[in-house]
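**Student:** Need a 3D model of the following:
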Amino acid sequence: MRRVLLVLLVGSCTPSSGGGAALGEACSQTIACDSDGVCDYEAAMPTCIDRNADTDGDGIPNSLDHCPDTPGGLYDEDNDGLGDECDKCPIAPPPSVPDLDHDDVDSPCDPDPDTPGDKILFFDGFGSNVLNPMYMPSGSATWTPIGGELEADSDVPTEQYLQLIVEPVPSFAIETAYRIAAVDSAATEHKVIVRGYDSRPAGVANFECGVVTADVGSNEVVALETDMNGTSQTALAPAFSTEPLYESAAYSTNANVGCTVLGDDKPIGTTQGAITPASLGTAALGVWAIHARFQWLLVVGRPQSVGSGSPQ
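**Tutor:** Model prediction:
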(Lines give C-alpha, C1' and ligand atoms only; values in the text may rest on other atoms or scores of the structure.)
Protein backbone atom coordinates (compact mmCIF):
# COMPACT_ATOMS: atom_id res chain seq x y z
CA MET A 1 0.00 0.00 0.00
CA ARG A 2 2.84 2.44 0.84
CA ARG A 3 4.45 1.84 -2.57
CA VAL A 4 1.13 2.41 -4.37
CA LEU A 5 0.55 5.69 -2.51
CA LEU A 6 4.07 6.85 -3.35
CA VAL A 7 3.57 6.18 -7.05
CA LEU A 8 0.32 8.13 -6.97
CA LEU A 9 2.02 11.05 -5.22
CA VAL A 10 4.93 11.37 -7.63
CA GLY A 11 2.80 10.88 -10.71
CA SER A 12 3.81 8.84 -13.71
CA CYS A 13 7.27 7.24 -13.57
CA THR A 14 9.58 5.92 -16.20
CA PRO A 15 8.93 2.18 -16.59
CA SER A 16 11.44 0.07 -14.72
CA SER A 17 14.22 -1.71 -16.56
CA GLY A 18 16.44 -4.19 -14.80
CA GLY A 19 14.11 -5.15 -11.96
CA GLY A 20 14.88 -2.29 -9.51
CA ALA A 21 12.96 0.86 -8.62
CA ALA A 22 12.14 3.05 -11.61
CA LEU A 23 13.05 6.69 -12.13
CA GLY A 24 11.00 8.81 -9.72
CA GLU A 25 10.37 5.93 -7.33
CA ALA A 26 11.66 5.66 -3.78
CA CYS A 27 15.02 4.02 -3.13
CA SER A 28 17.21 3.25 -0.11
CA GLN A 29 20.22 1.23 0.97
CA THR A 30 18.03 -1.86 0.61
CA ILE A 31 15.87 -0.77 -2.37
CA ALA A 32 18.09 -0.37 -5.42
CA CYS A 33 17.28 1.57 -8.57
CA ASP A 34 17.08 -0.18 -11.92
CA SER A 35 19.87 0.03 -14.47
CA ASP A 36 18.72 3.47 -15.70
CA GLY A 37 18.79 5.12 -12.30
CA VAL A 38 20.84 5.93 -9.22
CA CYS A 39 19.55 6.79 -5.76
CA ASP A 40 19.57 10.46 -4.76
CA TYR A 41 20.24 10.16 -1.01
CA GLU A 42 20.57 13.93 -0.75
CA ALA A 43 16.84 14.39 -1.39
CA ALA A 44 14.46 14.64 1.58
CA MET A 45 12.85 11.46 0.25
CA PRO A 46 15.57 9.43 -1.56
CA THR A 47 14.43 8.91 -5.13
CA CYS A 48 15.82 7.26 -8.27
CA ILE A 49 17.20 9.77 -10.76
CA ASP A 50 18.70 9.40 -14.24
CA ARG A 51 22.22 8.03 -13.81
CA ASN A 52 23.40 9.64 -17.07
CA ALA A 53 22.19 13.16 -16.25
CA ASP A 54 24.03 15.88 -14.28
CA THR A 55 21.27 17.27 -12.07
CA ASP A 56 23.37 19.98 -10.37
CA GLY A 57 25.45 20.85 -13.43
CA ASP A 58 28.80 20.43 -11.68
CA GLY A 59 30.31 18.26 -14.40
CA ILE A 60 29.93 15.02 -12.40
CA PRO A 61 27.31 12.63 -13.83
CA ASN A 62 24.72 11.41 -11.35
CA SER A 63 26.18 7.91 -11.57
CA LEU A 64 29.37 9.21 -9.89
CA ASP A 65 27.88 12.10 -7.90
CA HIS A 66 27.14 11.46 -4.20
CA CYS A 67 25.76 15.03 -3.97
CA PRO A 68 23.61 15.20 -7.11
CA ASP A 69 21.72 18.31 -5.97
CA THR A 70 24.71 20.48 -4.96
CA PRO A 71 28.23 20.93 -6.40
CA GLY A 72 30.79 18.28 -5.46
CA GLY A 73 30.17 14.73 -4.39
CA LEU A 74 32.97 12.61 -5.84
CA TYR A 75 33.91 11.19 -2.43
CA ASP A 76 31.86 9.50 0.30
CA GLU A 77 34.08 8.85 3.32
CA ASP A 78 31.55 6.91 5.41
CA ASN A 79 29.87 5.06 2.48
CA ASP A 80 26.35 6.14 3.44
CA GLY A 81 25.42 7.37 -0.04
CA LEU A 82 25.92 11.05 0.85
CA GLY A 83 29.00 12.82 -0.51
CA ASP A 84 31.37 14.55 1.88
CA GLU A 85 30.25 18.02 0.73
CA CYS A 86 26.54 17.41 1.46
CA ASP A 87 26.79 15.04 4.45
CA LYS A 88 25.77 16.43 7.86
CA CYS A 89 28.42 14.13 9.34
CA PRO A 90 30.84 12.74 6.74
CA ILE A 91 32.61 10.39 9.19
CA ALA A 92 29.57 8.30 10.20
CA PRO A 93 26.26 7.14 8.67
CA PRO A 94 23.15 9.00 9.87
CA PRO A 95 22.14 8.02 13.45
CA SER A 96 18.55 7.32 14.42
CA VAL A 97 18.27 10.76 16.09
CA PRO A 98 20.61 12.70 13.85
CA ASP A 99 20.41 16.39 14.79
CA LEU A 100 18.87 17.20 18.16
CA ASP A 101 19.77 20.90 18.03
CA HIS A 102 18.77 21.33 14.34
CA ASP A 103 22.00 23.00 13.23
CA ASP A 104 22.65 20.68 10.26
CA VAL A 105 25.57 18.93 11.97
CA ASP A 106 24.78 15.35 12.97
CA SER A 107 26.25 13.44 15.88
CA PRO A 108 29.06 12.39 16.29
CA CYS A 109 30.42 15.35 14.29
CA ASP A 110 28.66 17.89 16.52
CA PRO A 111 30.89 18.70 19.53
CA ASP A 112 27.94 20.27 21.39
CA PRO A 113 24.81 18.44 20.17
CA ASP A 114 22.49 20.24 22.60
CA THR A 115 23.29 23.77 21.36
CA PRO A 116 22.45 25.00 17.84
CA GLY A 117 24.78 26.96 15.62
CA ASP A 118 27.62 24.55 14.79
CA LYS A 119 28.68 24.06 11.20
CA ILE A 120 31.31 22.06 9.37
CA LEU A 121 34.12 24.48 8.55
CA PHE A 122 36.32 21.96 6.73
CA PHE A 123 36.42 18.25 5.95
CA ASP A 124 38.93 16.19 4.01
CA GLY A 125 38.71 12.43 3.56
CA PHE A 126 41.86 12.48 1.41
CA GLY A 127 40.07 10.86 -1.52
CA SER A 128 42.07 12.84 -4.05
CA ASN A 129 45.70 11.99 -4.73
CA VAL A 130 46.49 15.72 -4.76
CA LEU A 131 47.01 17.67 -1.53
CA ASN A 132 44.32 20.29 -1.00
CA PRO A 133 45.83 23.71 -1.85
CA MET A 134 44.40 25.12 1.40
CA TYR A 135 47.07 23.24 3.37
CA MET A 136 50.31 24.92 4.41
CA PRO A 137 53.07 22.41 5.32
CA SER A 138 55.54 23.54 7.96
CA GLY A 139 58.85 21.75 8.40
CA SER A 140 60.43 18.96 6.40
CA ALA A 141 57.84 16.20 6.86
CA THR A 142 56.20 14.89 3.70
CA TRP A 143 52.41 14.87 3.44
CA THR A 144 51.16 12.63 0.64
CA PRO A 145 47.50 11.80 -0.08
CA ILE A 146 47.26 8.31 -1.55
CA GLY A 147 44.55 5.66 -1.62
CA GLY A 148 42.13 7.58 0.62
CA GLU A 149 44.75 8.31 3.30
CA LEU A 150 47.17 11.13 4.03
CA GLU A 151 50.63 9.72 4.66
CA ALA A 152 52.70 11.84 7.02
CA ASP A 153 56.34 10.86 7.21
CA SER A 154 58.61 12.60 9.70
CA ASP A 155 61.96 11.27 10.84
CA VAL A 156 62.92 14.67 12.23
CA PRO A 157 63.04 15.08 16.05
CA THR A 158 60.98 18.27 15.97
CA GLU A 159 57.30 18.91 15.46
CA GLN A 160 56.10 19.11 11.86
CA TYR A 161 52.74 20.67 10.93
CA LEU A 162 50.17 20.63 8.18
CA GLN A 163 47.96 23.63 8.80
CA LEU A 164 45.05 25.40 7.17
CA ILE A 165 43.07 28.57 7.82
CA VAL A 166 39.30 28.37 8.36
CA GLU A 167 36.63 30.80 9.52
CA PRO A 168 37.63 32.14 12.97
CA VAL A 169 35.08 31.07 15.59
CA PRO A 170 34.96 31.21 19.41
CA SER A 171 33.82 27.58 19.66
CA PHE A 172 36.24 25.45 17.67
CA ALA A 173 36.62 21.67 17.35
CA ILE A 174 39.16 19.64 15.39
CA GLU A 175 39.12 15.85 15.04
CA THR A 176 41.11 13.30 13.06
CA ALA A 177 41.53 9.54 12.68
CA TYR A 178 44.85 7.88 11.93
CA ARG A 179 46.95 4.74 12.04
CA ILE A 180 50.58 4.47 13.09
CA ALA A 181 52.72 3.01 10.29
CA ALA A 182 56.10 3.28 12.01
CA VAL A 183 57.89 5.01 14.87
CA ASP A 184 61.38 6.47 14.46
CA SER A 185 63.31 4.38 16.99
CA ALA A 186 66.25 6.78 16.94
CA ALA A 187 64.14 9.59 18.45
CA THR A 188 63.45 9.92 22.17
CA GLU A 189 60.13 11.72 21.73
CA HIS A 190 57.16 11.09 19.45
CA LYS A 191 53.89 12.93 18.89
CA VAL A 192 50.68 12.82 16.91
CA ILE A 193 48.57 15.89 17.65
CA VAL A 194 45.81 18.20 16.49
CA ARG A 195 46.19 21.91 17.00
CA GLY A 196 44.11 25.07 16.93
CA TYR A 197 45.18 28.66 17.40
CA ASP A 198 44.31 32.29 16.88
CA SER A 199 46.17 33.20 13.73
CA ARG A 200 45.85 36.97 14.11
CA PRO A 201 49.23 38.74 14.41
CA ALA A 202 48.54 39.65 18.05
CA GLY A 203 46.74 36.41 18.89
CA VAL A 204 48.00 34.26 21.75
CA ALA A 205 45.27 31.64 22.23
CA ASN A 206 46.31 28.14 21.13
CA PHE A 207 46.04 24.47 22.05
CA GLU A 208 47.81 21.26 21.15
CA CYS A 209 46.10 17.92 21.88
CA GLY A 210 47.26 14.35 21.26
CA VAL A 211 49.54 11.51 22.28
CA VAL A 212 53.16 11.94 23.31
CA THR A 213 56.03 9.66 24.34
CA ALA A 214 58.64 11.26 26.55
CA ASP A 215 62.20 10.15 27.17
CA VAL A 216 61.53 10.14 30.94
CA GLY A 217 60.54 6.53 31.63
CA SER A 218 59.27 6.14 28.05
CA ASN A 219 55.77 7.09 29.23
CA GLU A 220 52.94 7.39 26.75
CA VAL A 221 50.55 10.18 27.68
CA VAL A 222 47.58 12.07 26.34
CA ALA A 223 48.73 15.67 26.60
CA LEU A 224 47.05 19.05 26.23
CA GLU A 225 49.12 22.20 25.98
CA THR A 226 47.49 25.64 25.77
CA ASP A 227 48.72 29.21 26.06
CA MET A 228 47.51 29.06 29.68
CA ASN A 229 48.79 25.73 31.00
CA GLY A 230 49.61 22.08 30.28
CA THR A 231 47.91 18.90 31.48
CA SER A 232 48.39 15.22 30.76
CA GLN A 233 47.09 11.76 31.61
CA THR A 234 48.97 8.47 31.36
CA ALA A 235 47.63 6.56 28.38
CA LEU A 236 45.17 3.84 29.36
CA ALA A 237 46.26 1.65 26.42
CA PRO A 238 49.17 1.61 23.94
CA ALA A 239 49.09 4.87 22.02
CA PHE A 240 51.65 4.13 19.30
CA SER A 241 50.75 0.60 18.15
CA THR A 242 50.37 -0.17 14.47
CA GLU A 243 47.11 -2.11 14.80
CA PRO A 244 44.44 0.30 16.19
CA LEU A 245 42.57 3.06 14.45
CA TYR A 246 43.14 6.10 16.65
CA GLU A 247 40.96 9.18 16.90
CA SER A 248 41.96 12.42 18.58
CA ALA A 249 39.69 15.39 19.15
CA ALA A 250 39.89 18.77 20.86
CA TYR A 251 37.08 21.21 21.55
CA SER A 252 37.72 24.79 22.63
CA THR A 253 34.89 27.02 23.86
CA ASN A 254 34.86 30.01 26.18
CA ALA A 255 37.94 29.54 28.43
CA ASN A 256 38.16 25.73 28.27
CA VAL A 257 39.60 23.04 26.02
CA GLY A 258 38.80 19.35 26.18
CA CYS A 259 41.16 16.78 24.64
CA THR A 260 40.23 13.14 24.00
CA VAL A 261 42.04 10.24 22.29
CA LEU A 262 40.48 6.87 21.43
CA GLY A 263 41.95 3.66 20.05
CA ASP A 264 39.49 1.40 18.22
CA ASP A 265 36.69 3.34 20.00
CA LYS A 266 38.18 2.59 23.44
CA PRO A 267 39.47 5.39 25.72
CA ILE A 268 43.18 6.16 25.59
CA GLY A 269 42.88 9.32 27.68
CA THR A 270 40.99 12.55 28.30
CA THR A 271 42.19 15.82 29.80
CA GLN A 272 41.04 19.43 30.04
CA GLY A 273 42.76 22.78 30.35
CA ALA A 274 42.30 26.54 30.30
CA ILE A 275 42.75 28.75 27.25
CA THR A 276 42.54 32.47 26.61
CA PRO A 277 39.04 33.07 25.19
CA ALA A 278 39.41 33.95 21.52
CA SER A 279 38.24 33.01 18.05
CA LEU A 280 40.45 30.28 16.64
CA GLY A 281 40.91 30.19 12.89
CA THR A 282 43.88 27.94 12.17
CA ALA A 283 43.77 24.14 12.39
CA ALA A 284 46.72 21.79 12.09
CA LEU A 285 47.85 18.19 12.17
CA GLY A 286 51.22 17.59 13.80
CA VAL A 287 53.71 14.72 13.86
CA TRP A 288 57.08 14.23 15.55
CA ALA A 289 59.37 11.32 14.52
CA ILE A 290 56.36 9.36 13.29
CA HIS A 291 55.07 7.83 10.07
CA ALA A 292 51.26 8.04 10.30
CA ARG A 293 48.37 7.53 7.91
CA PHE A 294 45.55 9.98 8.54
CA GLN A 295 42.08 8.83 7.46
CA TRP A 296 40.25 12.17 7.60
CA LEU A 297 40.32 15.65 9.13
CA LEU A 298 37.22 17.44 10.41
CA VAL A 299 36.90 21.03 11.71
CA VAL A 300 33.61 22.20 13.21
CA GLY A 301 32.82 25.63 14.67
CA ARG A 302 30.10 27.84 16.09
CA PRO A 303 30.22 31.62 15.54
CA GLN A 304 28.52 32.38 18.87
CA SER A 305 30.08 30.77 21.94
CA VAL A 306 26.88 30.00 23.83
CA GLY A 307 27.14 26.26 24.35
CA SER A 308 27.88 24.15 27.38
CA GLY A 309 31.42 23.49 26.22
CA SER A 310 31.26 19.84 27.12
CA PRO A 311 33.71 17.93 24.89
CA GLN A 312 32.18 14.87 23.25
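**Student:** For Asn256, give me its contacts.
**Tutor:** Each residue near Asn256 by Cβ atoms under 8 Å, 6 or more residues apart in numbering is listed here: 272-275, 309. C-beta: built from backbone N, CA, C; applies to glycine.
**Student:** Leu162 is in what secondary structure piece?
**Tutor:** Assignment of secondary structure by DSSP states H and E places Leu162 within strand 160-169.
**Student:** Return the member of the contacts of Asn256 nearest to Asn206.
**Tutor:** Distance to Asn206, by Cβ to Cβ, is smallest for Ile275 among these, at 7.6 Å.
**Student:** how deep is that closest one tucked in, by neighbour count?
**Tutor:** 25 (other Cβ atoms under 10 Å).
**Student:** Strands - which of the contacts of Asn256 land there?
**Tutor:** 272-274 (DSSP state E).
**Student:** For the contacts of Asn256, which entry has the maximal number of neighbours?
**Tutor:** Among those, Ile275 has more neighbours than the rest - 25 neighbours, counting by other Cβ under 10 Å.
**Student:** My read is that that residue contacts Gly230, right?
**Tutor:** No: with contact defined as Cβ atoms under 8 Å, Ile275 does not reach Gly230; the gap is 11.5 Å.
**Student:** for the stretch 51-200 of the chain, what spans make up the strands?
**Tutor:** 119-124, 136-138, 142-146, 149-153, 160-169, 171-183, 190-197 (DSSP state E, counting those that start in this stretch).
**Student:** partner residues bridging the residue nearest to Pro244 when sequence neighbours are not counted?
**Tutor:** Nearest residue to Pro244, sequence neighbours excluded (Cβ to Cβ, 6 or more residues apart in numbering): Gly263, at 4.0 Å. Using DSSP bridges, the bridge partners assigned to Gly263 are Tyr246, Lys266.
**Student:** dump the residue contacts of Gly263.
**Tutor:** 237-239, 241, 244-247.
**Student:** hang on, Arg51 packs against Ala32?
**Tutor:** No: using Cβ under 8 Å, Arg51 makes no contact with Ala32, being 11.8 Å away.
**Student:** more neighbours, the two?
**Tutor:** A count of neighbours by other Cβ under 10 Å puts Arg51 above the other of Arg51 and Ala32, at 19 against 16.
**Student:** Report the contact partners of the more buried one.
**Tutor:** 33, 36-38, 61-63.
**Student:** Quick one: the strands of the stretch 51-200 of the chain as a markdown table, columns for distance to Cys67, mean neighbour count and mean pLDDT too.
**Tutor:** Below are the strands of the stretch 51-200 of the chain laid out as a markdown table (distance: least, Cβ to Cβ, whole Å; neighbours: other Cβ atoms under 10 Å; pLDDT from 0 to 100):
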| stretch | distance to Cys67 | mean neighbour count | mean pLDDT |
| --- | --- | --- | --- |
| strand 119-124 | 13 | 19 | 97 |
| strand 136-138 | 27 | 13 | 93 |
| strand 142-146 | 20 | 15 | 95 |
| strand 149-153 | 22 | 20 | 96 |
| strand 160-169 | 20 | 19 | 96 |
| strand 171-183 | 22 | 22 | 97 |
| strand 190-197 | 26 | 24 | 96 |
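**Student:** Turn those strands into a markdown table, columns for distance to Ala223.
**Tutor:** Shown next, in a markdown table, are the strands of the stretch 51-200 of the chain (distance: least, Cβ to Cβ, whole Å):
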| stretch | distance to Ala223 |
| --- | --- |
| strand 119-124 | 24 |
| strand 136-138 | 20 |
| strand 142-146 | 22 |
| strand 149-153 | 19 |
| strand 160-169 | 16 |
| strand 171-183 | 15 |
| strand 190-197 | 8 |
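**Student:** for the ones you listed, which one sits closest to Pro113?
**Tutor:** Closest to Pro113 of the strands of the stretch 51-200 of the chain, according to Cβ to Cβ: strand 171-183, at 11.6 Å.
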